[in-house]
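Engineer: got a predicted model here, sequence first, then my questions.
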Amino acid sequence: MSCNKMLYAGTFDPITNGHLDVIKRASSLSDELVIGVLENNEKTPLFSVEERIDMIGQITSGMANVKVISFSGLLAHYVNENGITAVVRGLRAAMDFDYEIKMAQLNARLYKGNVETIFLMTDPANSFISSSLIKEVFRLGGDIKGFVPDVVAEFMDMKGRV
Ligand code: PNS
């Protein structure tokens, strides 16, 4: 299957091994995979957009069809204005599904043209990983190796356990 230009959008604060697994699989399903880092989330992020893009850029530098951008405002506007043909989301558990189906169906009403949402089931090895839990484990002195790419662990060490 080829989905031409796929978007994988998220907060990525920070990118985890769960995200990376989705990126690898989505990149093999698309001609071009755009990773969209949301700029203006209501939550205050640990990492700036520039830091998140830097980390993701380093991690995906060997993937020829992957590019990293930031976006603000509605995801559907980015999709409509940039020729995106499919949006990919990772699904971990039933709780994700409840949120994701609403978002996918609402976005579908905002897309102009035929844009599919594609859900990739998380590898069970990563099903418990989330950016927020990683930050909590790190803040409280736990070892986050194995949950995030090495470059993320380095960035987190630089931030310190604030
Ligand atoms: O990694 P996340 O936080 O689960 O990603 C959520 C994201 C960024 C995909 C979602 O919050 C989003 O698309 N935000 C942009 C604003 C928007 O389009 N909101 C309407 C969603 S129906």
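Structural biologist: Received, thanks.
Engineer: can we go C-alpha only for contacts and neighbour counts from here?
Structural biologist: Will do.
Engineer: who's in contact with the most far-flung residue of the chain relative to its centre?
Structural biologist: Each residue of the chain has a distance to the centre, and by Cα atoms, centre = their mean the biggest one is for Gly141: 24.9 Å. By Cα atoms under 8 Å, 6 or more residues apart in numbering, Gly141 lies in contact with Arg161.
Engineer: name the SS class of it, please.
Structural biologist: coil (DSSP: H, G, I helix; E, B strand; the rest coil).
Engineer: the longest helix along the chain close to the ligand?
Structural biologist: If you go by DSSP state H, the chain has its longest helix at helix 94-110. Yes. Residues of helix 94-110 contacting the ligand under Cα under 6 Å from any ligand atom: 103, 106-107.
Engineer: mind listing what's buried in that helix?
Structural biologist: Going by neighbour count (16 or more other Cα atoms under 10 Å), the buried part of helix 94-110 is 100, 104, 107-108, 110.
Engineer: do the same with stretch 151-162
Structural biologist: If you call a residue buried by 16+ other Cα under 10 Å, then stretch 151-162 has these buried ones: 152-153, 156.
Engineer: tabulate those residues (JSON lines), appending pLDDT, distance to the ligand and secondary structure.
Structural biologist: Shown next, in JSON lines, are the buried residues of stretch 151-162 (pLDDT from 0 to 100; distance: Cα to the nearest ligand atom, whole Å; DSSP: H, G, I helix; E, B strand; the rest coil):
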{"residue": "Val152", "pLDDT": "97", "distance to the ligand": "16", "secondary structure": "helix"}
{"residue": "Ala153", "pLDDT": "96", "distance to the ligand": "19", "secondary structure": "helix"}
{"residue": "Met156", "pLDDT": "95", "distance to the ligand": "18", "secondary structure": "helix"}
